[in-house]
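Q: here's my sequence, what's the structure:
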Amino acid sequence: VNVASQNGIIKFKTNSQSVKFKNKQSQNIIFEGKVENEVGIENILLSVSGDGASFKDSVEIDIKPINPYINTSTNYVLQAGKKLEINAPQDFIKGSNKGFITLSPNPILNINHRVKWLMQYPYGCIEQTTSSVMPQLYLDKLSTFKGIDKKRIIENINAGISRIGGFVTPSGGFAYWQGESKPDEWGTHYAGHFLILAKDLGYYVPDSILRGWVAYERNFVRSTSQSKTYSLFLLALAREPEIPVMNALYENGLKGLNVVDKWLLGAAYKLAGFEEQAKKIVKDISIVPDSTKNFYEYSYGSKLRDEAMILQSHQIIYGAVNEALFNNVLRALESNDWLSTQSTGYGLLSLINTQNGDINGTIQAKVSANGANSDIKLSNDSAQIPLDFGKAIIESKSQAYVNFSWEGIPMGDSLKPMAKKIRIERAFF
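A: Sure, this is the predicted structure:
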């Protein structure tokens, strides 16, 4: 009896055994094998020969890692004339590792891990689908974000538009899961937001879907007792403002609105062409969200998501970035704390939209990555050096900002156990 692994992922202790049968009784034969530092589909080839007969067969085995895919990102400030040594992780699954160093004369937004986490998110309700593609619309504004090529981004966005089309319900809204007939209110607002932005950037969005969505939102703001300011903001963004409803809310319900609702209503008026009214609404209004727990449950929201909404509205109304809000959102996104898809998606959208893609300054640096030396001169740009493994040494004549981002699947038990507010244990037998 012979066994062999076609792709070499599994190494067998022995590839051949001889067996003697007595009284035509079946026997179990054990071949001990060990998975190498690799994952993928392995094809086990089996062959049996004896007494003038032979038999061959094959079995496919899907070999998966025991650890999750991780992203790490670290920022450094390299002072003029100093050296910086960066070491890539050493223990990882073969083929899963990818890393790069980014050099810039200006501070780097350390949010690559958030973008990639959304893009690799394994589930696909209407909210999660939207969150995964919404920030990708504006990644080209981040001159220091070069981990994903534009072709892939375009493909992701078009795939997102196509997938959202599968959530359409008879009312024009979008269901929470594909195949359901009842629209999810907040999911419908959020997905419509993405479709508006995508169309404005030149992506193809079927008119039938947008017309159905506008009809749903018009009916929603005219009949609902729920919060309607996000819908009013989106209709204004789509150049379909509901001025009578906006005026009625301003005249009769403004005092009852929370902080975020007031900012969204102000932004809706600004988009509709009423700048004076917009500034009047948000004059002396706080930038600290005060939404209730019930509203967060209804809207898949959080304090961070609301801060992102206010940051966005402030920029629309005043044409300037609120520094305090910007720093709050940036700190949350740069951290390694768990964030929901909604908080991550909207936070990235608001943050990226504050960037104009321009960098001012120059860098003259020497980089040695795994023995390969290169001289880098930058003017109004950033540079990226691959470092999937090994180490790099960087030296700059002027102050430089450095970011090292790495992604891959770690080997064995190299991940340290961690629990925040919830604990899950798993075992393999």
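
Q: got phi/psi on Gly187?
A: The phi/psi pair for Gly187 (degrees, to the nearest 10) reads phi -60, psi -40.

Q: from Leu254, how far out is it?
A: Separation of Gly187 from Leu254 (CB to CB, to the nearest Å): 27 Å. To be clear about C-beta, it is placed using only N, CA and C from the backbone, and glycine gets the same treatment.

Q: who has more neighbours out of these two?
A: Gly187 (25 against 12; other CB atoms under 10 Å).

Q: which residues in the chain form strands?
A: 2-5, 10-12, 33-35, 40-50, 53-63, 70-78, 83-87, 98-104, 362-369, 372-379, 383-386, 391-396, 400-408 (DSSP state E).

Q: nearest to Tyr176, out of those strands?
A: strand 70-78 (27.8 Å; CB to CB).

Q: my guess is Trp213 contacts Gly172, does it?
A: Yes - using CB atoms under 8 Å, Trp213 is in contact with Gly172, at 5.6 Å.

Q: out of those two, which sits in the more crowded spot?
A: With neighbours defined as other CB under 10 Å, Trp213 and Gly172 compare such that Trp213 has more, 27 against 22.

Q: in space, what's closest to Phe167 - neighbours in sequence excluded?
A: Leaving aside its chain neighbours, Phe167 sits nearest to Phe174 (4.0 Å; criterion: CB to CB, 6 or more residues apart in numbering).

Q: which other helices and strands contact the worst-scoring helix or strand of the chain on mean pLDDT?
A: Lowest on mean pLDDT, DSSP states H and E among the helices and strands of the chain sits helix 112-119, with a mean of 77. Helix 112-119 makes packing contacts with strand 70-78, helix 126-133, helix 341-352, strand 400-408 when contacts are defined by 3 or more CB pairs under 8 Å, 6 or more residues apart in numbering; DSSP states H and E.

Q: convert the C-alpha atoms of that helix to CSV, please.
A: Provided in CSV are the C-alpha atoms of helix 112-119 (Å, rounded to 0.1, in the frame of the first residue of the first chain):
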residue,chain,number,x,y,z
ASN,A,112,-4.7,50.0,7.2
HIS,A,113,-5.7,47.2,9.6
ARG,A,114,-9.2,48.5,9.8
VAL,A,115,-9.7,48.7,6.1
LYS,A,116,-8.3,45.2,5.5
TRP,A,117,-10.4,43.8,8.4
LEU,A,118,-13.6,45.0,6.8
MET,A,119,-12.5,43.7,3.4
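
Q: report the angle between that helix and helix 341-352.
A: Interaxial angle, helix 112-119 versus helix 341-352 (axes from the mean of the first three to the mean of the last three CA atoms, to 10 degrees): 130 degrees.

Q: what lies in contact with helix 112-119?
A: Residues from elsewhere that reach helix 112-119 (CB atoms under 8 Å, 6 or more residues apart in numbering): 71-73, 131-132, 135-136, 139, 145, 147-148, 156, 333, 336, 339, 341, 344-345, 347-348, 403, 405, 407.

Q: now swap in stretch 177-192 and tell me
A: 124-127, 129-131, 164, 166-167, 169-176, 213, 216-217, 220, 224, 226, 230-231, 234, 238, 298-300, 342.

Q: what do you get if the cut-off is 7 Å, keeping everything else the same?
A: With contacts defined as CB atoms under 7 Å, 6 or more residues apart in numbering, stretch 177-192 is touched by 125-127, 130, 164, 166-167, 169-171, 173-176, 213, 216-217, 226, 230-231, 234, 298-300.

Q: can you give me the helices for the chain?
A: Along the chain, the segments classed as helices by DSSP state H run 112-119, 126-133, 150-165, 185-200, 207-223, 229-237, 243-253, 259-271, 275-282, 293-299, 303-318, 323-334, 341-352.
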